[in-house]
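Participant: quick one, what's the 3D model for this:
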Amino acid sequence: MAAEDFIKGRGAQSNISNKFHEHSHETRDDFLNYCATEGEEPENSRTTIIETFPKTIVNKVASPDVGMDFSLNPYQGCEHGCIYCYARNSHEYWGYSAG
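Facilitator: Model (predicted):
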């Protein structure tokens, strides 16, 4: 990725396919050419908020290397895309971007 393609404030700069989905897609060159001719952006980097109604925000922690029995997680998904994030797999499982 070229330095001019880097978006400040967005941790992960790529969005790979979700391993839990049956189908995946990738951007084709003809689509990118179309966007360039029409003056459209191929990727929409705007933040979206999805209202959910979870049964609980308290999660039981079953990992022996984490020093707590429960965690409080008021958010699903994020924009940081930290490579060390423990929650990336759960974001992907629920259909959100892992980064």
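Participant: contacts for the one helix or strand Ser71 maps to next, please.
Facilitator: Per DSSP states H and E, Ser71 falls inside strand 70-72. The contact list for strand 70-72, computed with CB atoms under 8 Å, 6 or more residues apart in numbering, reads 57-61. Every residue, glycine included, has its C-beta placed from N, CA and C.
Participant: sheet-wise, list the partners of that strand with their directions.
Facilitator: Strand 70-72 sits in its sheet next to strand 58-60 (antiparallel), going by DSSP bridges.
Participant: now do the partner strand: everything it contacts.
Facilitator: By CB under 8 Å, 6+ apart, strand 58-60 touches 69-73.
Participant: between those, which is nearest Arg88?
Facilitator: Using CB to CB, Asn73 comes nearest to Arg88 of these, at 13.2 Å.
Participant: that closest one against Ile57, yeah?
Facilitator: Yes: judged on CB atoms under 8 Å, Asn73 makes contact with Ile57 at a distance of 5.7 Å.
Participant: picking that back up, which of the contacts of strand 58-60 sits closest to Asn89?
Facilitator: Closest approach between the contacts of strand 58-60 and Asn89, by CB to CB: Asn73, at 13.4 Å.
Participant: burial check on that closest one, number of neighbours?
Facilitator: Look at Asn73: counted by other CB atoms under 10 Å, it has 13 neighbours.
Participant: from Asp30, how far out is it?
Facilitator: Look at Asn73 and Asp30: by CB to CB, to the nearest Å, they are 41 Å apart.
Participant: just to revisit the earlier point, format the contacts of strand 70-72 as TSV; extra columns: pLDDT.
Facilitator: Shown next, in TSV, are the contacts of strand 70-72 (pLDDT from 0 to 100):
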residue	pLDDT
Ile57	81
Val58	87
Asn59	82
Lys60	86
Val61	83
